[in-house]
Structure formats: structure tokens, C-alpha cells
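Asks: pasting the structure only:
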């Protein structure tokens with residue numbers, strides 16, 4: 001025990017030692033007395049006391065006293081009487097008064113009439129019958145005696161200030177009544193602190209210590225002239241608690257988006273961005289999605305009233321797209337065998353995916369093409385733990401002579417490898433790709449495979465109308481899904497709740513380093 005006490009003494013700050021010495025001389029010393037006797041600032045005394053309390057050396061007690069005094073309105077009521085008392089005085093003589101005559105008869109402000117009637121009824125001094133205010137038996141009894149609130153008014157008139165804890169039960173009831181009115185009493189809270197030596201503090205004082213200045217930081221001059229050799233140094237407790245610092249950092253979704261962007265850029269891709277508001281043509285028709293497809297229904301897509309429609313691209317592209325939908329044109333398919341409508345294609349929608357950016361890019365750029373996009377998309381989803389009506393998608397596109405399904409798998413392997421995942425593929429179906437695949441990643445902590453994205457080779461029905469005669473591969477994934485895996489989140493809504501506790505506790509550097 002003695003060694004622990006000596007260690008604690010060595011680690012005490014000079015201010016802590018001064019406070020202990022003052023408490024040794026006077027165990028009942030107040031912070032203000034300690035500050036004056038030890039020639040310390042009161043803030044330094046309280047800081048030292050807090051540190052001593054954290055080490056179980058002293059106990060710091062906080063006492064809050066409520067000091068009651070009368071406001072200006074309260075002083076007026078004390079001299080003139082409460083409004084209900086003035087009415088009661090009149091009722092004691094006349095027994096009843098019509099409500100419309102109350103203010104004049106009692107000599108009170110008309111604005112106070114309703115409040116006074118309320119208090120008359122609350123105190124059961126009067127009752128109202130067909131507009132007549134009549135005195136009760138209890139009211140008659142109170143003609144010559146005061147209520148608790150009135151007694152408190154008189155006490156405060158004489159004493160000026162009273163500590164609330166010193167009120168007896170009757171005056172305390174009067175305080176509650178007066179305080180309910182909000183404008184009669186001034187209630188001031190006075191906070192005081194007191195200190196009590198604990199066993200550890202007594203042991204430290206029994207062990208004894210000296211008070212002398214200790215060096216905590218050396219100056220250049222002290223090192224130069226050798227003064228540092230004679231200084232007394234304060235030991236540091238490397239296990240002492242330190243304040244928690246919440247460093248500024250990116251939102252977890254932004255971390256993943258930036259990570260994905262860096263992967264694509266390092267793989268030689270260029271970035272493209274689209275618009276949130278897109279025409280049904282680019283969002284659906286350019287992807288060979290029939291105009292009666294279920295995904296276009298109102299329950300899946302947000303259609304806009306303003307703008308109601310969007311402009312279509314050049315006539316040649318629109319004509320080829322229409323022919324492809326209707327007959328397959330020269331793509332080798334028979335199309336969807338229906339009458340394609342320009343009006344439907346003009347409809348304005350909030351984009352439901354980022355794949356429309358890929359078809360736009362193919363139309364406006366000559367191969368070879370390596371493009372990616374990261375953006376927000378919108379769908380009429382019901383809120384639950386894994387669905388939101390607004391989320392992010394990332395899309396990758398490669399188009400050139402000789403591009404094949406093997407290139408698709410190789411690109412996907414490299415992309416997911418850079419994200420830090422082991423990957424495998426299984427066959428899938430997507431309406432605008434053939435030789436399609438879904439990508440699964442392996443989660444060691446769950447010992448299972450989980451689907452994370454889809455990919456495939458664009459169909460000729462997509463590429464031919466765009467004027468592309470080379471093969472093109474495309475793949476994508478949902479960023480929120482990746483974030484949920486990365487940050488072990490079970491509910492997708494957590495990513496958007498701005499839960500400050502969760503965000504603060506996330507490490508600054510989380511996930512795979514590239």
C-alpha cells in the first residue's frame with residue numbers, strides 16, 4: 001500500500017498537493033477559502049479537486065440551493081393583494097357578483113379577471129352559476145385569514161430572500177402556487193461545492209509530501225545552460241485517462257465511394273456522370289427493355305410532373321431503337337413484337353439505375369472505351385432494413401474489338417480483389433445482357449458466400465442502335481450493400497441516420513488499404 005501511495009504522491013500536480021495541504025489544515029475548508037489561502041485561482045482549485053476525486057483521494061459534493069425573492073409583479077401583489085383576494089373581499093360583502101362587473105367591483109385589470117376566477121375556483125373560494133360568481137363557505141372562512149401563498153408573499157416582503165429548503169410544508173405549498181403563475185417569484189439557483197478527504201487522501205497526508213515547483217516542459221535555454229539537471233520533474237502516469245478526441249473523418253459511404261473511384265482510375269477507366277432526371281428512353285428503351293415491362297410501373301419508378309417529358313436524342317437513334325423493339329431490326333432477334341411509342345419514351349423519371357449512363361456514353365464515344373460511373377439512383381421501394389427508395393450504384397463498362405466473356409470475368413476478379421474479396425461467379429439473367437453472371441464474395445466471419453453485384457455482355461439489341469459494332473461488357477454493384485458488409489451493419493437505414501455515436505466510434509481508417 002505504501003508503494004502505491006508514494007507512486008500516487010509522485011504523480012500529484014502541485015495544485016493537487018496545495019488543495020490536500022489546505023484540507024489537512026481545515027477539513028471543512030470551502031473552495032473559496034482554499035483559493036484564498038493557497039493563492040490559487042478558484043478554477044485551478046476546482047480542476048485540482050476534480051482530478052483528486054477521479055483518483056479516489058477526495059470526494060467532491062455539489063450542493064444546489066434555490067433562493068426565492070419577489071419579482072416586481074410579486075411586490076405589487078404583496079402590497080395590493082392577489083387578484084382573487086381582492087375579489088373575495090368584495091364577495092364577502094355582496095355574496096355574488098356578475099362576471100362582467102368583476103373587474104370594476106374588485107378594482108383589478110380586466111386581463112387578470114379570468115386568471116383570478118381560475119384561482120378562486122382552484123382554492124374553492126367561489127363558484128360560477130349562470131354568469132354569477134358566488135362565494136363559497138370556504139371562501140367565507142378565508143375572509144379574515146391568509147392562504148399559504150399570501151403568507152409567503154408577506155414573508156418575502158420582510159425577508160427579501162428565503163432559501164427554499166428552509167420553508168415549512170405550508171409555505172412550500174404556497175411556493176408551488178405562486179411559482180405556477182410564472183411572473184411572481186424569482187428563483188435563483190446557487191451552487192456550492194464541498195470537499196471530503198477519503199481514506200486514500202488520509203493515507204497520502206500521513207505519508208507526507210513537500211510542495212515545490214516541478215518541470216513539465218523544458219525550454220531551449222534550460223537545455224543550453226544546464227539548468228535542466230537541477231530541476232524537479234513530475235512523473236507522468238502513462239495509464240491515466242485522456243479525453244476522447246473525435247477526429248474529423250469522411251462518412252463511411254464516402255470512404256467506399258472514394259475507394260471504388262481510385263480502383264477504377266488505377267485500372268485505366270475514365271469517369272462519367274449522368275443526371276438524376278432522365279428520359280424513359282435512356283433509362284429503359286436504350287437497354288432494350290419493353291415499354292410494358294413491370295419495372296416501368298408506378299410502383300417501381302418515380303415519374304415526374306415537372307418536367308413532364310424529356311427531349312429524345314437524334315431521330316436516327318430513336319428510329320433504330322423503335323425498330324429493334326418492334327422487330328429486332330438487324331440484330332438477329334425478333335424484338336418484342338409491339339408498337340413502340342415515342343410518348344412513353346419521352347416520360348421523365350428519376351433514374352432507377354446508372355446503366356443509362358453507359359448507353360449514353362457508348363452513343364457519344366468511339367471505342368475503345370473504359371468508363372465507370374458512381375451515382376445515386378431512385379426506386380419506389382418500401383422502407384425496411386435492407387431497402388431504401390434512394391441508394392448508390394457503381395457501373396463499369398469496357399467496349400473494344402476482341403472483348404469477351406473471359407475479359408469480363410478477369411476484370412471482375414481484379415476489381416473485387418482490389419476491394420479485398422475472394423470472388424466466384426454463377427450464371428444469371430438480366431434483360432439487357434447475355435452471358436450474364438452474378439458475383440459472389442466470400443465472408444470469412446460468416447463462412448458463407450454473398451451476392452454483391454451483377455454483370456454481363458451487352459446484347460446486340462442494346463449496342464446496334466447506338467452504332468456500336470464491337471462487344472461491350474458491363475458490371476455493377478450497390479454501394480450500400482458493400483458498406484453494410486464492410487461496417488457490419490444489419491440495417492441499411494443506419495447509413496443515413498446520422499447516428500453521431502456510431503459515426504464517432506468508426507475508426508478513421510477502416511477497410512482494405514489499396
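Replies: Cool, the structure landed. Just so you know, these numbers come straight off a predicted model, no measurement behind them. Numbers count the residues shown, from 1 in each chain.
Asks: Which strands or helices does the lowest-mean-pLDDT helix or strand in the chain pack on?
Replies: Lowest by mean pLDDT, DSSP states H and E among the helices and strands of the chain is helix 102-106, with a mean of 77. With contacts taken as 3 or more C-beta pairs under 8 Å, 6 or more residues apart in numbering; DSSP states H and E, helix 102-106 sits against helix 83-94, helix 113-122. (Each C-beta comes from the backbone N, C-alpha and C, glycine too.)
Asks: Strands of the stretch 1-150 of the chain, residue ranges please.
Replies: For the stretch 1-150 of the chain, applying DSSP state E, counting those that start in this stretch gives strands covering 58-70, 96-98, 126-129, 132-135.
Asks: Compare the ones you listed and give me the one nearest residue 210.
Replies: With distances scored as C-beta to C-beta, the stretch of these nearest to residue 210 is strand 58-70 (19.6 Å).
Asks: Deepest-packed of the strands of the stretch 1-150 of the chain, please.
Replies: Of the strands of the stretch 1-150 of the chain, the one with the most neighbours on average (mean count of other C-beta atoms under 10 Å) is strand 132-135, at a mean of 19.
Asks: Quick check: which element contains the nearest residue to residue 460 once chain neighbours are set aside?
Replies: Distance criterion C-beta to C-beta, 6 or more residues apart in numbering; nearest residue to residue 460, sequence neighbours excluded, is residue 331 at 4.2 Å. Residue 331 is part of no helix or strand, with elements assigned from DSSP states H and E.
Asks: Need the per-residue pLDDT for residue 510.
Replies: Residue 510 is assigned 47 on the pLDDT scale.
Asks: try residue 142
Replies: pLDDT for residue 142: 86.
Asks: circling back: let me know which of the strands of the stretch 1-150 of the chain is the nearest to residue 157.
Replies: Minimum separation from residue 157 across these (C-beta to C-beta) falls at strand 58-70, 7.1 Å.
Asks: which outside residues touch the closest one?
Replies: Outside strand 58-70, the residues that touch it by C-beta atoms under 8 Å, 6 or more residues apart in numbering are 19-20, 23, 49-50, 52-53, 78, 153, 156-157, 160-165, 175, 184-198, 201.
Asks: Equivalent analysis for stretch 191-206, please.
Replies: Identification of contacts with stretch 191-206 by C-beta under 8 Å, 6+ apart yields 1, 5, 8-9, 12, 19-20, 23-24, 27-31, 46, 49, 52, 55-65.
Asks: Please repeat the previous calculation with a cut-off of 7 Å.
Replies: 5, 8-9, 20, 23-24, 27, 30-31, 49, 56-64 (C-beta atoms under 7 Å, 6 or more residues apart in numbering).
Asks: what distance separates the start and the end of stretch 201-212?
Replies: With C-alpha to C-alpha, to the nearest Å as the measure, the first residue of stretch 201-212 is 19 Å from its last.
Asks: quick check: mean pLDDT across that stretch?
Replies: Regarding stretch 201-212, the rounded mean pLDDT is 86.
Asks: try stretch 406-422
Replies: Stretch 406-422 comes out at a mean pLDDT of 93.
Asks: Go through stretch 469-479 and flag the buried ones.
Replies: Along stretch 469-479, these residues count as buried under the neighbour rule (16 or more other C-beta atoms under 10 Å): 471, 472, 473, 474, 475, 476, 477, 478, 479.
Asks: swap in stretch 319-328?
Replies: Going by neighbour count (16+ other C-beta under 10 Å), the buried part of stretch 319-328 is 320, 321, 322, 323, 324, 325, 328.
Asks: Then the fourth one would be within a strand, right?
Replies: No: the assignment for residue 323 is helix, going by DSSP: H, G, I helix; E, B strand; the rest coil, so no strand is present there.
Asks: Quick check: it vs residue 464, distance?
Replies: For residue 323, the distance to residue 464 equals 10 Å [C-beta to C-beta, to the nearest Å].
Asks: Common neighbours of the two, please.
Replies: Common neighbours of residue 323 and residue 464 (criterion: C-beta under 7 Å, 6+ apart): residue 329.
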